[in-house]
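Quick one, fold the following:
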Amino acid sequence: MKRTPICFVFLAVLLAGLFAGDILLGSVGLSAGDIWRALAGRAAEGAEGELARSLVRSFRLPKAVVAVAAGAALSASGLQMQTLFRNPLAGPYVLGVSSGASLGVSLFLLGLPLLGASGATEAVRDLGTVGSAWVGAAAILIVVMAVSARIKDIMAVLILGMMFGSAATAFVDILQFLSPEGAVKSFVVWTMGSLGGVSADQLRILVPAVVAGLVLSVWLIKPLNLLLLGESYARTMGLRVKLVRGVIMLSTILLAGSVTAFCGPIGFIGIAVPHIARMLLGDADHRVLMPASMLLGAVVMLGCDIISQMPGSDMVLPINTISALLGIPVVVIVVVRNRKFF
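Now for the predicted structure:
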């Protein structure tokens, strides 16, 4: 049996197991039977049955769905950016796309109240949050792509992307300094990353946006394979490079921007998971690498969420701390080995 099918079967089984484990584990102990009855709508009557139904259907199940969506989205966007910029260290967090989305969100959540604009309904607030994240991510990504068209040194592009991200973070810090204490505290908690704060209404925005971005990622598989061989060769094969760049940008905005809007800026998943997928499969073909990165990203994010829950305690660690502990060693290995992936 070939290596690739074995890897996909392994990832699918692991995804199912971790998804079930993420629903099962939590500060309140629930049996597998309680969870199944709650999911099937047959929870026991009384306070205990209502608690189980509320925990599973209103918190744990949505959180697991968000983990799958966020992991797949960040991994797919990271793979696209690494191929587009021909840079193994590219990713939505490193290139400043997540920082741009954070700037957009901060302008909406912190900037508008400073101007006296407040009192919006929850639906308008959700749409405004994700819309501002898309605009912020697009602004940074457009600037980085414009710079990369003029500067061919991939390390220079990487450094400039980090500088643009730092500039966006500086503006966010100014807004925090000017905002009232309560707003700053909630915003700082948001920046740490969380999968459990997404409501059912927000999920109705997040999931369609991520699905649309992933569909574009699948459509981009063949163009990304051509870009591996260089833009000049891709043009000779009839690839419309400018159109592909635009679609990659749109996909990245939908994926990284949407996740950042509702879950906060989650780092290192987008840069680390594609490399782990390459090592696991031993293949750079996007026909297998793209779906493998999506699956692996979902698996990794579910694992991070389970680890962050601190068994036996009501405390939940910020998801960013767990993803960083996982992603940083992968980045160090890539830098030290200086392996050429493209």
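
only C-alpha atoms for contact and neighbour calcs from this point on.
OK.

Now for S199: which residues touch it?
Contacts for S199 were tallied using CA atoms under 8 Å, 6 or more residues apart in numbering; they are 58, 62.

how close does it get to A67?
13 Å (CA to CA, to the nearest Å).

Let me know the secondary structure of L195.
coil (DSSP: H, G, I helix; E, B strand; the rest coil).

My read is that it contacts I266, right?
No: using CA atoms under 8 Å, L195 makes no contact with I266, being 10.0 Å away.

Need the overlap of contacts for those two.
I319.

of those two, who's got more company?
Neighbours were counted for L195 and for I266 using other CA atoms under 10 Å; I266 has more, 28 against 24.

Need the three-state assignment for the more buried one.
coil.

Phi first, then psi, for it.
phi -90, psi 120 (degrees, to the nearest 10).

do G238 as well
Torsion angles, degrees, to the nearest 10, at G238: phi 90, psi 10.

Can you give me the pLDDT of it?
Note on G238: pLDDT of 83.

One more: G161?
pLDDT, G161: 77.

Assess the claim that it and V94 are in contact.
Yes: counting by CA under 8 Å, G161 does reach V94; the two are 7.2 Å apart.

Between the two, which is the more surrounded one?
Remark: of G161 and V94, G161 carries more neighbours, 27 against 21, as counted by other CA under 10 Å.

Just give the nearest non-adjacent residue to the more buried one, would you?
Nearest residue to G161 in three dimensions, chain neighbours excluded: L95, at 4.4 Å (CA to CA, 6 or more residues apart in numbering).

do the same with Q80
I248 (6.8 Å).

Tell me the secondary structure of G91, please.
Going by three-state DSSP: G91 is coil.

and the nearest residue to it once chain neighbours are set aside, what element?
Nearest non-adjacent residue to G91, counting by CA to CA, 6+ apart: G78, 4.4 Å away. In the assignment (DSSP states H and E), G78 maps to helix 61-84.

For that helix, the averaged confidence score.
For helix 61-84, the mean confidence score works out to 92.

ok, then the element right after that helix?
Assigned by DSSP H and E, the successor of helix 61-84 is helix 97-106.
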